[in-house]
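Student: build me a model from this:
(one chain, ligands or ions: 2)
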Amino acid sequence: MDPLYKQLVRRLSILLMSLMASILLIAFFLFNYENFGASQEKFEEAPLESWNPVKLILENDKANEQVKQGFYLVNESSKFMGPLATDTKARFSGNNLSCTNCHLNGGTLSGSASWIGVTKRFPQFRGRENKIGTIEERINGCMERSMNGQKLPEKGPQMTAIVAYMKWINTALPKLNKKEIKGYPPIKIPETAVDLNQGKMVYEKECALCHGEKGEGIPYAENRRGYQYPPLWGEDSYNDGAGMHRVLTAAAFIKSNMPYLQADWENPKLTDEEAYHVAGYINSFQRPQKQNKSLDFPDRKRKPVSTPYGPWADNFSAEQHKFGPFPPIIDFYQATFGLTKTK
Ligand code: HEC
Ligand code: HEC
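Tutor: Ligands and ions are numbered 1, 2, ... in the order given. Sure thing, here's the model as predicted:
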């Protein structure tokens, strides 16, 4: 054979082989990359039962010390900024709840007032104060009401760590928030008033096991950590100025989140009516009283209809603002002020 032709064949086959090798190599990388993507996805879309803050946050190299501190503050609030804190100067929250008893899975879970993206929504107009409020002021709203405590100093280490944590989950764990829902998906508001007997029946069947016959909750076995099952009423619960003390807000939270691990916003367990009656039931008992509540919502028209304390811009009774029926109140605001109320 012509040596020149031989050489050409050899060169061509070398070229062909290296081409095949490259294709194999690229295929190999693509396959692995896809797999890598998939396992990453799985890691971030942890379902409720497998929410693993140790792995996702505390052992995550991408979370700095301040972020981890923020997580401790919101997840074991009593120990790090409440009645169980050893340093008395660090005590600001007044009950033994943790922020994450209401903002589930470290504030990452859709449908439980998730904090993912929350810092981007502030500053925002706040009806309760009738002014533009910052994220720090919003957090202090929950400190004074849900946590029945005092405001955190806005530039102090606790507040800055909590805000750093909220910003971090937004960039590092956004996929945990499967759907962006501000607060809770609303329920369809029943036409009737809360029926406390029905509420009691739901409570005994679906809630008492964890939250106790008297709503007292169950603390962790090792003390100093707060509650495994938080209380729903009584001295150690949220106070009467809290959002959870409004029947429509509590019903929306309960429908999308309770019974714990059996319900979420995609697959609720209770009907709107059941959630409504049981929300009224848990809020029919004694709890701490917030001072100066009458100063809330200086523009009274902005007060949510199920705010159980006055003054209101209408003449419906305190009883009706607490337990409904709410549609007549909603209709009144529409007809009188042209305001469409959803809560
Ligand atoms: C007893 C339940 C409860 C506890 C405990 C609680 N919160 Fe809240 N939080 C709520 C409710 C209810 C809302 C209003 C949800 C809505 O939009 O309807 C809310 C709203 C918020 C918001 C605004 C969310 C948004 O999307 O605009 C922030 C931020 C927040 N809470 C932070 C905290 C922090 C930090 C703590 C602990 C210091 C805390 N909360 C403790 C019930 C609670
Ligand atoms: C299987 C146990 C369990 C059951 C059953 C259950 N919960 Fe809960 N509930 C919890 C836990 C745990 C939390 C706190 C979640 C966290 O910290 O991650 C909670 C939080 C709450 C909160 C907010 C925190 C607070 O203390 O105010 C309310 C309100 C609540 N549950 C109401 C209910 C109602 C109403 C029912 C019945 C329809 C119910 N729960 C059934 C375990 C349960």
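Student: for the closest residue to Asn177 other than its chain neighbours, give me its contacts.
Tutor: Closest residue to Asn177 in three dimensions, ignoring its sequence neighbours and counting by C-beta to C-beta, 6 or more residues apart in numbering: Ile116, at 3.9 Å. Any C-beta I mention is one placed from the backbone N, CA and C, and that applies to glycine too. If you count contacts by C-beta atoms under 8 Å, 6 or more residues apart in numbering, Ile116 has them with Gly107, Thr108, Ile169, Asn170, Leu173, Pro174, Leu176, Asn177, Glu180.
Student: then Pro157?
Tutor: Under the criterion of C-beta under 8 Å, 6+ apart, the neighbours of Pro157 are Gln69.
Student: with ligand 1 as the reference, measure out to it.
Tutor: Here Pro157 is placed at a distance of 14 Å from ligand 1 (C-beta to the nearest ligand atom, to the nearest Å).
Student: and for Asn105?
Tutor: With distances defined as C-beta to the nearest ligand atom, the gap from Asn105 to ligand 1 amounts to 14 Å.
Student: do Lys151 as well
Tutor: Spatial separation of Lys151 from ligand 1 under the definition C-beta to the nearest ligand atom is 10 Å.
Student: ditto for Lys55
Tutor: Using C-beta to the nearest ligand atom, one gets 23 Å for the distance from Lys55 to ligand 1.
Student: got a markdown table for the contacts of Ile116, with pLDDT and neighbour count too?
Tutor: Supplementary listing: the contacts of Ile116 in a markdown table, determined by pLDDT from 0 to 100; neighbours: other C-beta atoms under 10 Å:
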| residue | pLDDT | neighbour count |
| --- | --- | --- |
| Gly107 | 98 | 26 |
| Thr108 | 97 | 26 |
| Ile169 | 98 | 27 |
| Asn170 | 97 | 18 |
| Leu173 | 95 | 22 |
| Pro174 | 94 | 13 |
| Leu176 | 94 | 20 |
| Asn177 | 93 | 20 |
| Glu180 | 93 | 10 |
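Student: from the residues you listed, which is closest to Ile23?
Tutor: When the contacts of Ile116 are compared for distance to Ile23 (C-beta to C-beta), Pro174 comes out closest, at 35.2 Å.
Student: picking that back up, now the contacts of Ile116 in CSV, with secondary structure and distance to Trp233?
Tutor: Compiled in CSV, these are given as follows (DSSP: H, G, I helix; E, B strand; the rest coil; distance: C-beta to C-beta, whole Å):
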residue, secondary structure, distance to Trp233
Gly107, helix, 24
Thr108, coil, 27
Ile169, helix, 30
Asn170, helix, 33
Leu173, coil, 33
Pro174, helix, 35
Leu176, helix, 30
Asn177, coil, 30
Glu180, coil, 31
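Student: any stretches of the chain with poor pLDDT?
Tutor: Within the chain, the set of residues satisfying pLDDT under 70 comprises 1, 26-49.
Student: can you give me the strands for it?
Tutor: Shown for the chain, the strands assigned by DSSP state E span residues 124-126, 131-133, 218-219, 227-229.
Student: measure how far the third one is from the centre of its chain, please.
Tutor: Put plainly, it is strand 218-219. Taking C-alpha atoms, centre = their mean, to the nearest Å, one finds the center of strand 218-219 at 21 Å from the center of the full chain.
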